[in-house]
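**Student:** sharing a model that was predicted from the sequence below.
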Amino acid sequence: IADVKQLEDELIKYFTVMRKNNGTPYSTSSIRSCLFVLNRFFNSDLSKIKPIDLNDKKIFSDLWAILNGKFRELSELGYGEIKGSDALTLEEVKIILNNSTTSKESPRGLLHRIFFYNAILLDLRGGEHFTLEASNFIKQKNEEGYIVKIYKSKTNQRTADCPGQAETFNIPNLSD
């Protein structure tokens, strides 16, 4: 392959007809993975044409038009669905909480335990834990638990005079 246009034409031919050995189409995530692997190869020392960024939709506009159409078609046929993870069972939660990593006996274990509770009860992910403040937790009367107000919307435009919209969660006291 001598130039970028020839590479794009070859990739279009490949992605248009690619199928598994049994004749069924690949899932959209498999095709994306294939594209990432090819991109990595074209930027390695083995490639004679580099640097190439197959993710550049301006340079590879025809390829991405074909891929986007293929992704839409595969999604309509049921090959584009992302397999979600199963929820944790009560037994799995008990195993996690009884593990030494989430022990209440050490500061680090307690931190892991709180992180786990926040993920499960407040639906927090990754960096959202760092935005929590003590003022987000409001103790309910009669020791019934906490009301938690969390500002986690990406479009929540808070200012000094307008705190914005908060998601509110009720957390009962846990007998732990």
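**Tutor:** Thanks, I have the structure now. Residues are numbered from 1 along each chain as shown.
**Student:** quick one, what contacts the spatially most central residue of the chain?
**Tutor:** The chain has R125 as the residue nearest its centroid, 9.4 Å off, counting by CA atoms, centre = their mean. Counting by CB atoms under 8 Å, 6 or more residues apart in numbering, R125 makes contact with A119. Bear in mind the C-beta positions are built from the backbone N, C-alpha and C, glycine included.
**Student:** show me what contacts E8?
**Tutor:** F60, D62, L63.
**Student:** wait, is the second one part of a helix?
**Tutor:** Right, the one you point to is D62. Yes - per DSSP: H, G, I helix; E, B strand; the rest coil, D62 lies within a helix segment.
**Student:** and the residue sitting furthest away from the middle of the chain, its phi and psi?
**Tutor:** Distance from the C-alpha centroid of the chain, by CA atoms, centre = their mean, peaks at N142 (39.0 Å). Backbone torsions for N142, taken as degrees, to the nearest 10, come to phi 60, psi 30.
**Student:** which element, helix or strand, includes T168?
**Tutor:** Element membership for T168 (DSSP states H and E) is strand 167-172.
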